[in-house]
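Participant: show me the folded form of this:
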Amino acid sequence: MPYSSDLTDEEWEIFEPLLLEILPPKKQTRPSNWTRREIVNGILYQLKNGAHLV
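Facilitator: Numbering: from 1, shown residues only. Here you go, the predicted model:
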């Protein structure tokens, strides 16, 4: 179930090429546990909701 802060497919189609332009070339490392889209969605979630201290 997506969060309201998640990018839609249409938004991701616009954003992904821009992201690839600014990211440095990837070095040979182990595969990531998360996709770039999941990372961006996580950042957007934190920006929208903040980090609540318990």
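Participant: can we go C-alpha only for contacts and neighbour counts from here?
Facilitator: Noted.
Participant: tell me where this structure has helices.
Facilitator: When secondary structure is read from DSSP state H, the chain shows helices at 9-22, 36-49.
Participant: what about the last one, average pLDDT?
Facilitator: Averaging the model's pLDDT scores along helix 36-49 yields 94.
Participant: next one: the first one
Facilitator: In this model, helix 9-22 has an average pLDDT of 95.
Participant: so it versus helix 36-49, what angle?
Facilitator: Relative orientation of helix 9-22 and helix 36-49, computed by axes from the mean of the first three to the mean of the last three C-alpha atoms, to 10 degrees: 100 degrees.
Participant: name the residues that touch helix 9-22?
Facilitator: Residues lying outside helix 9-22 but in contact with it, judged by C-alpha atoms under 8 Å, 6 or more residues apart in numbering, are residue 37.
Participant: report the central residue of this structure.
Facilitator: By C-alpha atoms, centre = their mean, the mean C-alpha position of the chain lies nearest to residue 40, the distance being 1.3 Å.
Participant: how close does it get to residue 15?
Facilitator: Residue 40 sits at a distance of 10 Å from residue 15 (criterion: C-alpha to C-alpha, to the nearest Å).
Participant: re earlier: any chance of the helices of the chain in JSON lines, plus distance to residue 30?
Facilitator: Output for the helices of the chain, formatted as JSON lines (distance: least, C-alpha to C-alpha, whole Å):
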{"stretch": "helix 9-22", "distance to residue 30": "19"}
{"stretch": "helix 36-49", "distance to residue 30": "15"}
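Participant: just say which of those is most tucked in.
Facilitator: Compared across these, helix 36-49 shows the largest average neighbour count, a mean of 14 (mean count of other C-alpha atoms under 10 Å).
Participant: hmm, who's touching that helix?
Facilitator: Outside helix 36-49, the residues within contact range by C-alpha under 8 Å, 6+ apart are 3, 5-7, 12.
Participant: run the last query once more with 10 Å
Facilitator: Here helix 36-49 makes contact (C-alpha atoms under 10 Å, 6 or more residues apart in numbering) with 2-8, 12, 15-16, 19-20, 35, 50-52.
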